[in-house]
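[1] Provide a 3D model corresponding to the input given below.
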Amino acid sequence: MDSGALPLVPSHRLPIFVRQAWAVASAMPFENLTKSLKHEMVSPARNTPLRLPAEVLADHRRFGTGATCFALAFLFRDRLARGGLASTLHACDRRYGPDAHAAVVVPVGSERWLFDPGYHIVQPLPAEGGLGFRSPENPNASYIRRVDDVRFECYTGHAGEWRLRFVLKDVPLDERAFQEKWRRSFQAEMMAYPVLTRFEHGRMLYLQKSTLVVRDANGGTVRQVPMRDLADAIHRWFGIAPEIVDRALRVWRSR
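    Numbering: from 1, shown residues only. All right, here's what the predicted structure looks like:
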């Protein structure tokens, strides 16, 4: 499939209120620094407290932080609910494990729209099988394929190459079930090192451990960030306050 030949995302069909709610959530970076710090605050015998919407928003205003996909999905659903619009929370499987990702499905008229706050799929997409779209602001095109009655495969494509990002389970979760999966995500392998993603000005920024990937419509670059420069790089590229970055890196180095 030629990603460049796909139609543009028909986001104009979304109500302004939904676009505004998404703008709040998608303005934040995906980052696990605050999640790691939250986990470090409690003893192993207790449930890790979750970063709920009020805390995520306050920390973003103060420190420029964001959250991981579970907290961002919960935040987005909360913004919609405050405006009187129902939406559903969903768990997603990734290549390294089940229920490792979270997404939100929003009914709009006769359509359902998929929102991915983990930024694998940046733009909202109609949640139907066999549809692919591109966005003028996004270097990656997106494609959704229905596998069966309860699963969608969600892909991104760039320069003619497509990659499976996650499998959405089309089974809505109530708040309790979602939070149980959220708490289990604190045990994920990716909690052992920094993982950050940000989308801005047509660029996708991604950092894992000390590898930084920058991608735009013209291609991408990969660079290794020296450990001595990692804190400054995270602050500069992702906009997170140095004191949060320093604290999180100290936690990881002490393990």
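
[2] so how far is Gly109 from the residue nearest to Gly83 when sequence neighbours are not counted?
    Of all residues not flanking Gly83 in the chain, Phe17 sits nearest, at 5.2 Å (CB to CB, 6 or more residues apart in numbering). All C-beta spots, glycine's among them, are computed from the backbone N, C-alpha and C. As for Phe17, its distance to Gly109 is 14 Å (criterion: CB to CB, to the nearest Å).

[3] what about those two, which has more around it?
    Per other CB atoms under 10 Å, whichever of Phe17 and Gly109 has more neighbours is Phe17, with 13 against 8.

[4] wasn't that one part of a strand?
    No - using DSSP: H, G, I helix; E, B strand; the rest coil, the secondary structure at Phe17 is helix, not a strand.

[5] surely it touches Ser87?
    No - counting by CB atoms under 8 Å, Phe17 stays clear of Ser87, with 12.0 Å between them.

[6] check which element follows the helix or strand hosting Leu80 along the chain.
    According to DSSP states H and E, Leu80 maps onto helix 69-82. Next along the chain after helix 69-82, taking DSSP H and E as the criterion, comes strand 88-94.

[7] average model confidence for that following strand?
    The pLDDT scores in strand 88-94 average 97.

[8] what helices or strands is whichever helix or strand comes after that strand leaning on?
    Where DSSP H and E defines the elements, the next helix or strand beyond strand 88-94 is strand 97-108. When contacts are defined as 3 or more CB pairs under 8 Å, 6 or more residues apart in numbering; DSSP states H and E, strand 97-108 packs onto helix 69-82, strand 88-94, strand 111-115, strand 161-169, helix 175-184.

[9] give me the buried positions along strand 97-108.
    For strand 97-108, the neighbour count (16 or more other CB atoms under 10 Å) marks 99-106 as buried.

[10] so can I have a markdown table of the residues you listed showing pLDDT?
    Formatted as a markdown table, the buried residues of strand 97-108 follow (pLDDT from 0 to 100):
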| residue | pLDDT |
| --- | --- |
| Asp99 | 97 |
| Ala100 | 95 |
| His101 | 96 |
| Ala102 | 97 |
| Ala103 | 97 |
| Val104 | 97 |
| Val105 | 96 |
| Val106 | 96 |
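
[11] ok, residues contacting stretch 177-196?
    Residues from elsewhere that reach stretch 177-196, judged by CB atoms under 8 Å, 6 or more residues apart in numbering: 29-33, 35-36, 39, 47-48, 50, 68, 70-71, 74, 89, 91, 96-97, 99-100, 102, 173, 205-209, 230, 234, 237-238, 240, 248-249, 252, 255.

[12] how about the residue most central in space within the chain: what's its closest non-neighbour residue?
    Taking CA atoms, centre = their mean, the centroid of the chain lies closest to Gly118, which sits 0.9 Å from it. Leaving aside its sequence neighbours, Gly118 sits nearest to Cys69 (CB to CB, 6+ apart; 3.5 Å).

[13] what about that neighbour, how many residues nearby?
    24.

[14] how about Arg183?
    15.

[15] quick check: closest non-adjacent residue to Arg163.
    Nearest one to Arg163, counting by CB to CB, 6+ apart, is Thr156 at 5.8 Å.
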